[in-house]
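Enquirer: Sequence plus the predicted model coming up.
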Amino acid sequence: MKTVTLYTDGACSGNPGPGGWGAILEYQGHELELSGGEPNTTNNRMELTAVIKGLSRLKEPCIVELYSDSKYVIDALEKGWAWGWKKRGWLKSDKKPALNPDLWEELLTLVGRHTLHYHWVKGHADNPKNNRCDQMAVAQWKAIKGE
């Protein structure tokens with residue numbers, strides 16, 4: 001299997017509010033930048049969307065090194081919480097509804113096609129690719145707001 005690296009980030013102006021996401025796919029020295037936004041969303045939805053959009057571009061099963069500053073995304077995948085939510089009908093262990101089940105459903109399907117390794121990175125710190133994803137995400141919500 002090919003090994004690709006995926007960097008992702010999401011951002012919102014207000015929560016909810018206009019939001020954006022950014023992703024960078026790397027493979028053998030080649031990079032593909034992806035970004036988009038929505039007029040009324042949340043930061044967590046944008047974090048999830050960034051990972052979904054990145055994984056959706058892969059045409060075959062890959063080993064994916066996923067870098068994200070979202071504990072919500074990394075922990076729910078790495079610790080298996082999202083699969084538990086799904087198994088319980090999108091309820092968390094405390095019986096409260098899991099948020100964003102539509103996006104989690106899509107993401108878990110994509111994750112099932114690949115072998116993922118999870119890497120949490122500190123946001124707005126020393127990871128240039130994560131910082132670039134943040135710049136793209138912010139540019140998207142700013143464009144939606146007309147800034």
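Expert: Received, thanks. This structure is a prediction, so every number in the text was calculated from the model and none was measured.

Enquirer: Which residues are in contact with G123?
Expert: Contact analysis of G123 by Cβ atoms under 8 Å, 6 or more residues apart in numbering lists 9, 69, 130, 134. C-beta: built from backbone N, CA, C; applies to glycine.

Enquirer: if we go to 10 Å?
Expert: The contact partners of G123, by Cβ atoms under 10 Å, 6 or more residues apart in numbering, come to 9, 11, 68-71, 130-131, 133-134.

Enquirer: now the strands for this protein?
Expert: Counting by DSSP state E, the chain has strands at residues 2-12, 17-27, 30-41, 62-68, 115-120.

Enquirer: Just give me the residue closest to the centre of the chain.
Expert: Centroid-nearest residue in the chain, with Cα atoms, centre = their mean: V51, separated by 3.1 Å.

Enquirer: one step back: and of the contacts of G123, the nearest to H114?
Expert: Checking the contacts of G123 against H114 by Cβ to Cβ gives S68 as the nearest, at 14.9 Å.

Enquirer: Could you list the buried residues of stretch 12-20?
Expert: 12-13, 17-20 (16 or more other Cβ atoms under 10 Å).

Enquirer: export the residues you listed to TSV and tack on distance to D75 and pLDDT?
Expert: Formatted as TSV, the buried residues of stretch 12-20 follow (distance: Cβ to Cβ, whole Å; pLDDT from 0 to 100):
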residue	distance to D75	pLDDT
C12	19	95
S13	25	94
G17	24	96
P18	26	97
G19	21	97
G20	22	98
